[in-house]
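> sequence plus predicted model, see below.
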Amino acid sequence: MEQANKGRHRLKLLDTYLSLDTADLAKDCKAISIFTEDDATAPILDRLHELGIRFIVLRSAGYNNIDVAHAKQIGIKMARVPEYSPNAIAEFTIGIMLALNRKLIRTHNRIMEMNFSLDGLVGFDMNGKTVGIVGTGKIGQVVAKILNGFGCRLIAYDPIENNELKKKYEVVYTDFDNLCRQSDIITLHAPLLKETKHMVNEKTISCMKKGVMLINAGRGALLNTQSVIDALKSGQIGYFGMDVYEEEKGLYFEDHSEDILKDDKMARLMTFRNVMISSHQAFLTDTALRNIADTTFENLHKLEKGIAFDNELK
Ligand code: NAD
């Protein structure tokens, strides 16, 4: 952030999340920059406005943590970074698929214990498998491109169909229930909205193929975590990769190695061999971080100057 700022603004870098308790740290500032775990709901926005905050620049693409309508109403202008590297998230998603399928973590751990046996390490060919992509926006498109290279059959659910994907990679659009029924692997890249919250739940999981692989590098609440745990216990879900978690706030991005884990769902998820957990890491490449910082300051500049642009949240 300091490099990207190029000395244009006076920066106050804070190692804490935005909440009602921490909002006052923005005193004497005109703008704040927030990330996914920061809470920018109405009462907090009101306090920030009282303190003189007029601009909020999100360093993320997703903006479900900010009450956009309320911010607009009280005259706070906002912008986000809609694209910093869809490749980063898509490539990580494929990494989770391969790690789960080919049991790479287990293999490595086993070999570190001098156990070179192959028992229990059988995977499956990605080639020829049906992958259901939920949300074919910037990230979903790159996922489709990579999986097409693997020879997967691609189906997708998105209210807006992408003709280029249909033509280039023979992606077939269908409804969500049908996608659940047909897919060997389901990967979630839709934004978290009222309509998408818990779209993966007991009912939709029951339509899925037994032993399906489910990957969530979108937002935690796209799925009902308890339903996924139940389905892992019954074997209905055969593999689960989660880069994002409904209850990630206060847990992810922090070192809790000295703490007692109080989150029972996370504790249960950690016991499954066929679950891979990462802590909202899919975006984390050097390219993405540079793009995030550069775009954040460009956004701030445009908001200050009143220049109309696509990254503004309206
Ligand atoms: P995008 O806006 O380019 O694409 C989202 C797509 O979802 C669009 O095509 C949209 O039409 C579609 N969509 C909207 N409503 C839908 C619905 N009800 N069902 C299915 N699809 C629907 O966004 P993107 O850049 O591809 O990012 C997708 C999501 O990934 C973000 O909203 C964010 O939550 C998440 N994300 C995660 C990470 C990470 O590090 N894990 C990083 C960036 C983004």
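Done, it's in. Numbering: from 1, shown residues only.

> helix, strand or coil: sort out the nearest residue to Lys6 once chain neighbours are set aside for me.
The shortest distance from Lys6 to any non-neighbouring residue, by Cβ to Cβ, 6 or more residues apart in numbering, is to Phe297 (7.7 Å). (C-beta placed from N, C-alpha, C; glycine too.) Under DSSP: H, G, I helix; E, B strand; the rest coil, Phe297 falls in the helix class.

> which ones are touching Phe297?
Residues in contact with Phe297, defined by Cβ atoms under 8 Å, 6 or more residues apart in numbering, are 4-6, 8-9, 57.

> what does the stretch 151-300 of the chain put close to the ligand?
Residues of the stretch 151-300 of the chain that fall close to the ligand, judged by Cβ under 6 Å from any ligand atom: 157-160, 189-193, 195-196, 217-219, 243-244, 280, 282-283.

> and if we set it to 8 Å?
With Cβ under 8 Å from any ligand atom as the criterion, the stretch 151-300 of the chain comes near the ligand at residues 157-160, 162, 176, 189-193, 195-196, 199, 217-219, 243-244, 280-284.

> drop anything exposed from those.
Restricting these to buried positions leaves 157-158, 162, 176, 189-190, 192, 196, 199, 217-219, 243-244, 280-283, with burial counted as 16 or more other Cβ atoms under 10 Å.

> can you flag which of those residues belong to strands?
Among these, the residues falling in strands (DSSP state E) are Tyr157.

> just the ones of the buried ones among the residues of the stretch 151-300 of the chain next to the ligand in helices?
For these, membership in helices holds for Phe176, with DSSP state H as the criterion.

> quick one: buried residues of the strand or helix carrying Thr93?
Under the criterion DSSP states H and E, the helix or strand holding Thr93 is helix 86-101. By 16+ other Cβ under 10 Å, the buried positions in helix 86-101 come out as 86-90, 92-97, 99-101.

> what mean pLDDT does that helix have?
In this model, helix 86-101 has a mean pLDDT of 98.

> mind saving the C-alpha coords of that helix as PDB?
The C-alpha atoms that make up helix 86-101 are tabulated as PDB, following Å, rounded to 0.1, in the frame of the first residue of the first chain:
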ATOM      1  CA  PRO A  86      -9.200 -13.700 -11.500                       C
ATOM      2  CA  ASN A  87      -6.400 -16.100 -12.500                       C
ATOM      3  CA  ALA A  88      -5.100 -16.100  -8.900                       C
ATOM      4  CA  ILE A  89      -8.400 -17.400  -7.600                       C
ATOM      5  CA  ALA A  90      -9.100 -19.700 -10.500                       C
ATOM      6  CA  GLU A  91      -5.700 -21.300 -10.300                       C
ATOM      7  CA  PHE A  92      -6.000 -21.900  -6.500                       C
ATOM      8  CA  THR A  93      -9.400 -23.500  -7.100                       C
ATOM      9  CA  ILE A  94      -7.900 -26.000  -9.500                       C
ATOM     10  CA  GLY A  95      -5.100 -26.500  -7.000                       C
ATOM     11  CA  ILE A  96      -7.700 -27.500  -4.300                       C
ATOM     12  CA  MET A  97      -9.400 -29.900  -6.800                       C
ATOM     13  CA  LEU A  98      -6.100 -31.600  -7.600                       C
ATOM     14  CA  ALA A  99      -4.900 -31.700  -4.000                       C
ATOM     15  CA  LEU A 100      -8.200 -33.400  -2.900                       C
ATOM     16  CA  ASN A 101      -8.500 -35.700  -5.800                       C
END
